[in-house]
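**Q** dropping the sequence and predicted coords here.
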Amino acid sequence: MTDARESIGQAAERGKVLAWGLWDWGSASFNAVIVAFVFTVYLTDKVGDDLPGGIAASTWLGWSLGLAGLVVAVTAPVSGQYFDAAARRKRALGVLTLVVIVTMLAMFFVHDDHRDLWLGLALLAIGSAAFELANVPYSAMLRQVSTPDNVGRVSGFGWAMGYFGGIFLLLLCYFGFIAGEGDNRGFLDVPTDDGLNIRLVVVVSAVWFAAFALPVMFAIPEMPRTTADPGADKAGFLGAYRVLFRDLRELWRTDRRTVWFLLASAVFRDGLAGVFTFGAVLAVQVYGIADSDVLLFGIAANVVAALGAVAAGRFDDRVGPKAVIVVSLVSMLVCGLALLVVSGPAMFWVFGLLLTVFVGPAQASARSFLIRLAPPGREGQMFGLYTTTGRAASFLAPTLFGLSVWLFGADRAGIVGLLVVLGAGLLVLLPVRGPETLPGERVVERAH
């Protein structure tokens, strides 16, 4: 057994940081291709377009992803807690990543036939749950690959790698397999019969993820077994929740700001997600962006968010993550208010991109904020709670967006709902004291 603080910065060399960031680069294949733009669209528009019965394929899609989210919400904290206590953080990341890749490969067998919809939904639900759970040990590794002096920059680098990886792969898949009309698509001239071009895109995405997930498996050492959370490694499934509640009570007594930060971040992170979820709808319906230009705007938005995450990482390390998050949220509120009054594609490009440039910094600094607060050796548990609280608040932005549209009778009013969520997250965050002193800094002081 070792002191958990000894794991801080144990793999902080540039090559190992790059290996860690490459997992984010590769994992974007699941978020961008499978969930956001390609496979889910294929399921609802092609596979399930002639589904018999009174329930639409899109409804079944929502229910299947909701079930996956429920599984994640219930299991994420105790899973991260066990990965830490049993010193199996890297092994867990490897196993969960493999599950995601296998489900992606199996999606090749989802043909353009409504009878295959259930296979597609099952694979998507399993892959989604495994993917979100994989992010728990992955984010917990941030403390291993960073030092107290550069944790903000490393976190921003990881987010940027995810953005750029998704953009690069989407362009490759679009121009190689999807672009064009007729029975053959893309510069590879792939047949569309039975959804072959989309099914091949999924295979390419799985190989992409596998290739870029390998470096972290070899470059980052496994976390040593520590005494940071006594009994967590042998508690069993039900006992794990008793350990979790014990730790939460201790956390509430000793450092309530962690609890309040988890609540605040859950709210404003849902607002950040809402910006990308409803951005394309607003672009077309309200500001007159051509359908053909939506993908271009999406690419541009991801680029500026990535650049913002990289740039803000330096400020994170200098002034702290709370300042970066507050400035980002305030700036997004200002840009959102501007979007309420301007019109036309040009204004949407200007203020829409200004809005998204602050999404990356807020996301990256939220992760670095929590890693600075997490008790050494219990990072996985904290990021499990981070995932669960995020899931618990994930209804806010969609609900308030729809409610605002309904109340005011205009799609533009949906922006108000998003601004309310971002503003609420900001208000909960403001009283939370920032992590001025890091556990790692105290370790460095003692070591010297």
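**A** In hand now; what should we look at?
**Q** wait, Ala211 sits on Ser27?
**A** No. Between Ala211 and Ser27 there is no contact under CB atoms under 8 Å: 11.7 Å. In this view, the C-beta of every residue, glycine as well, is placed from N, C-alpha and C.
**Q** who has more neighbours out of those two?
**A** Between Ala211 and Ser27, counted using other CB atoms under 10 Å, Ser27 has the larger neighbour count: 24 against 13.
**Q** please name the nearest non-neighbouring residue to the more buried one.
**A** Once flanking residues are discounted, Ser27 sits nearest to Phe209: 6.2 Å by CB to CB, 6 or more residues apart in numbering.
**Q** and what of Gly127?
**A** Thr103 (3.7 Å).
**Q** one step back: dump the residue contacts of the residue nearest to Ser27.
**A** Residues near Phe209 by CB atoms under 8 Å, 6 or more residues apart in numbering: Gly26, Ser27, Ser29, Phe30, Thr97, Val100, Ile101, Met104.
**Q** may I ask which of the residues you listed has the most neighbours?
**A** Busiest of the contacts of Phe209 [other CB under 10 Å] is Ser29, holding 31 neighbours.
**Q** specify the local secondary structure of the nearest residue to it once chain neighbours are set aside.
**A** Spatial nearest neighbour of Ser29, excluding adjacent residues (CB to CB, 6+ apart): Ser205 at 3.9 Å. What DSSP: H, G, I helix; E, B strand; the rest coil gives for Ser205 is helix.
**Q** re earlier: dump the contacts of Phe209 into CSV; add secondary structure, pLDDT and distance to Val145 as well.
**A** Converted to CSV, the contacts of Phe209 look like this (DSSP: H, G, I helix; E, B strand; the rest coil; pLDDT from 0 to 100; distance: CB to CB, whole Å):
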residue, secondary structure, pLDDT, distance to Val145
Gly26, helix, 97, 16
Ser27, helix, 96, 16
Ser29, helix, 93, 21
Phe30, helix, 94, 21
Thr97, helix, 98, 17
Val100, helix, 98, 21
Ile101, helix, 98, 22
Met104, helix, 98, 26
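**Q** what's the closest of those to Val74?
**A** Ranked by distance to Val74 (CB to CB), the contacts of Phe209 are led by Val100 at 19.0 Å.
**Q** from what I see, the closest one and Asn135 are in contact.
**A** No. Val100 is not in contact with Asn135 according to CB under 8 Å; the separation is 10.5 Å.
**Q** which neighbours do those two share?
**A** Contacts common to Val100 and Asn135, judged by CB under 8 Å, 6+ apart, are Ser27.
**Q** so is Leu355 in a helix, a strand, or just coil?
**A** helix.
**Q** next one: Gly271
**A** helix.
**Q** that one against Leu418, yeah?
**A** Yes. Between Gly271 and Leu418 a contact is recorded at 5.9 Å, counting by CB under 8 Å.
**Q** identify the contacts common to the two.
**A** With CB under 8 Å, 6+ apart as the test, Gly271 and Leu418 both reach Ala397.
**Q** what are the buried residues along the helix or strand hosting Asp293?
**A** Using DSSP states H and E, the element containing Asp293 is helix 291-319. For helix 291-319, the neighbour count (16 or more other CB atoms under 10 Å) marks 297-313, 315-317 as buried.
**Q** before we move on, what about stretch 170-180?
**A** Leu170, Leu172, Cys173, Tyr174, Gly176, Phe177, Ile178.
**Q** my guess is the fifth one contacts Phe187. True?
**A** If I follow you right, that is Gly176. Yes. Between Gly176 and Phe187 there is a contact under CB under 8 Å: 6.0 Å.
**Q** what helices or strands is the helix or strand hosting Met161 leaning on?
**A** Using DSSP H and E, Met161 maps to helix 151-173. Counting contacts by 3 or more CB pairs under 8 Å, 6 or more residues apart in numbering; DSSP states H and E, helix 151-173 packs against helix 14-28, helix 196-219, helix 291-319, helix 359-373.
**Q** just want the angle from the last one to helix 151-173.
**A** Taking axes from the mean of the first three to the mean of the last three CA atoms, to 10 degrees, one finds helix 359-373 and helix 151-173 inclined to each other by 140 degrees.
**Q** tell me the mean pLDDT over helix 359-373?
**A** If you average the pLDDT over helix 359-373, you get 93.
**Q** who are the packing partners of that helix?
**A** Applying 3+ CB pairs under 8 Å, 6+ apart, one finds that helix 359-373 contacts helix 117-140, helix 151-173, helix 256-285, helix 291-319, helix 321-341, helix 379-392.
**Q** gap between that helix and the chain center?
**A** Computed by CA atoms, centre = their mean, to the nearest Å, the separation of helix 359-373 from the middle of its chain amounts to 12 Å.
**Q** dump that helix to PDB, keeping only the CA atoms.
**A** Provided in PDB are the C-alpha atoms of helix 359-373 (Å, rounded to 0.1, in the frame of the first residue of the first chain):
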ATOM      1  CA  VAL A 359     -17.900  26.000 -24.200                       C
ATOM      2  CA  GLY A 360     -14.500  24.300 -24.400                       C
ATOM      3  CA  PRO A 361     -12.900  26.300 -21.600                       C
ATOM      4  CA  ALA A 362     -15.900  25.800 -19.300                       C
ATOM      5  CA  GLN A 363     -15.800  22.000 -19.900                       C
ATOM      6  CA  ALA A 364     -12.100  21.700 -19.500                       C
ATOM      7  CA  SER A 365     -11.900  23.800 -16.400                       C
ATOM      8  CA  ALA A 366     -14.800  22.000 -14.800                       C
ATOM      9  CA  ARG A 367     -12.700  18.800 -15.000                       C
ATOM     10  CA  SER A 368      -9.600  20.400 -13.600                       C
ATOM     11  CA  PHE A 369     -11.600  22.000 -10.800                       C
ATOM     12  CA  LEU A 370     -12.800  18.600  -9.600                       C
ATOM     13  CA  ILE A 371      -9.400  16.900 -10.000                       C
ATOM     14  CA  ARG A 372      -8.000  19.700  -7.800                       C
ATOM     15  CA  LEU A 373     -10.600  19.000  -5.100                       C
END
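**Q** which helix or strand in this structure has the lowest average pLDDT?
**A** Ranking every helix and strand in the chain by mean pLDDT, DSSP states H and E puts helix 439-447 at the bottom, with a mean of 36.
**Q** in this structure, where is pLDDT below threshold?
**A** Residue ranges of the chain with pLDDT under 70: 1-12, 225-238, 291-292, 436-448.
**Q** would you verify that Ala413 is located in a helix?
**A** Yes. The assignment for Ala413 (three-state DSSP) places it in a helix.
**Q** so who does it touch?
**A** Ser404, Val405, Leu407.
**Q** what do you get if the cut-off is 6 Å, keeping everything else the same?
**A** Ala413 makes contacts with Ser404, Val405, as judged by CB atoms under 6 Å, 6 or more residues apart in numbering.
**Q** next: Ala210.
**A** The neighbours of Ala210, taking CB under 6 Å, 6+ apart as the test, are Ile101.
**Q** again, 10 Å this time
**A** Neighbouring residues of Ala210 by CB atoms under 10 Å, 6 or more residues apart in numbering: Gly26, Ser29, Thr97, Leu98, Val100, Ile101, Val102, Met104, Leu105.
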